[in-house]
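*Asks:* could you work out the structure for the sequence below:
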Amino acid sequence: MKVIKLLEDRSTPIFSFEFFPPKTDEGLESLMETIGQLKGLEPSYVSVTYGAGGSNAGKSLDLISTIKERFGLESMAHLTCVNSRADDITKVLDAYRDAGVANILALRGDPPAGSREFKASEGGYRHASELVSHIKKNYDFCIGVAGYPEGHPESKSIDEDIRNLKLKVDAGGDFIVTQLFFNNDDFFRFEEMVRQAGIEVPIIPGIMPITNFGQIERFTSMCGASIPDTVRNDLSDIKDDADEVAEYGTEYALRQCKGLIERGVAGIHFYTLNKSMATVTILKALHLSDS
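*Replies:* Sure, this is the predicted structure:
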């Protein structure tokens, strides 16, 4: 089923999880256990990342097929422009279509490792809006696009970033999934700017529960998200105790989710890092508070 249909039919927020293709058989086995634990929470869909330069394209499709066959979960496949010509992208899209995938998250992608600047391949696409346009003109996928509550790290301003977001939506984007953030005010400020720009598609906030202090610092430095000073200070005091960090991060993400739901968000997308404990705890708590 298409994600936009799930959003249209919702009476409550939808929940979704993001996974990445493991590099080893042991990692795959662990991920299957994770998905089995999360399936009981009845996610509306799961998403599977693509890999730098499409390096995991085959693994992504294999994982999507396995998730569908073993767990019966709807999937959204990521797709980027990195190191890909238009005909390369077409082949991947054909494979997703033939496998029964209904949803694509269309992304420009990060510059290849060792590069500071994104450069389109010869015969490829420079912007996500071009990828969205290609998909929309040639396929019947439901198309998600990325939004950045604090602005894309390469944008000169949040206003410029919103203009680029509108290009993606006008090209055929059906809904927006945001980058992770830790201050709900940043999301609501972004949402207001998006609506003022005339963008009316649903916006799904992305949440990553903090389970490792060093890891979250690396992620935020790459994606342009910021860690509030109060959170950074709290974590600095407990950073050497993994259990305390995970407990703190889970409780913080739960408060974020409650605040977002109270304001009527369309759904919440969890960046799971292929782990289940924090997400299970959060969703169980949210379901209990609804009962």
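*Asks:* just confirm residue 14 contacts residue 42, I think it does.
*Replies:* No - using C-beta atoms under 8 Å, residue 14 is not in contact with residue 42, being 9.9 Å away. Every C-beta, even on glycine, is put in place using the N, C-alpha and C of the backbone.
*Asks:* compare those two (neighbour count), which wins?
*Replies:* In this view residue 14 and residue 42 are compared by other C-beta atoms under 10 Å, and residue 14 has more residues nearby, 20 against 11.
*Asks:* ok, now how distant is that one from residue 259?
*Replies:* Here residue 14 is placed at a distance of 17 Å from residue 259 (C-beta to C-beta, to the nearest Å).
*Asks:* using the three-state scheme, assign residue 133.
*Replies:* The three-state assignment at residue 133 reads helix, by DSSP: H, G, I helix; E, B strand; the rest coil.
*Asks:* contacting residues around it?
*Replies:* Contacts for residue 133 (C-beta atoms under 8 Å, 6 or more residues apart in numbering) come out as 171-172.
*Asks:* what does residue 144 give?
*Replies:* Residues near residue 144 by C-beta under 8 Å, 6+ apart: 3, 76, 103-106, 173-177.
*Asks:* mind checking how far it is from residue 11?
*Replies:* From residue 144 over to residue 11 the distance is 21 Å, taken as C-beta to C-beta.
*Asks:* same check, this time on residue 212
*Replies:* With C-beta to C-beta as the criterion, residue 212 and residue 11 are 36 Å apart.
*Asks:* what about these two, which has more around it?
*Replies:* Between residue 212 and residue 11, residue 212 has the larger neighbour count (other C-beta under 10 Å), namely 16 against 4.
*Asks:* hmm, that one is touching residue 241, no?
*Replies:* No - counting by C-beta under 8 Å, residue 212 does not reach residue 241; the two are 11.5 Å apart.
*Asks:* ok, which stretches of the stretch 1-150 of the chain are helices?
*Replies:* 3-9, 25-39, 57-71, 86-98, 128-138 (DSSP state H, counting those that start in this stretch).
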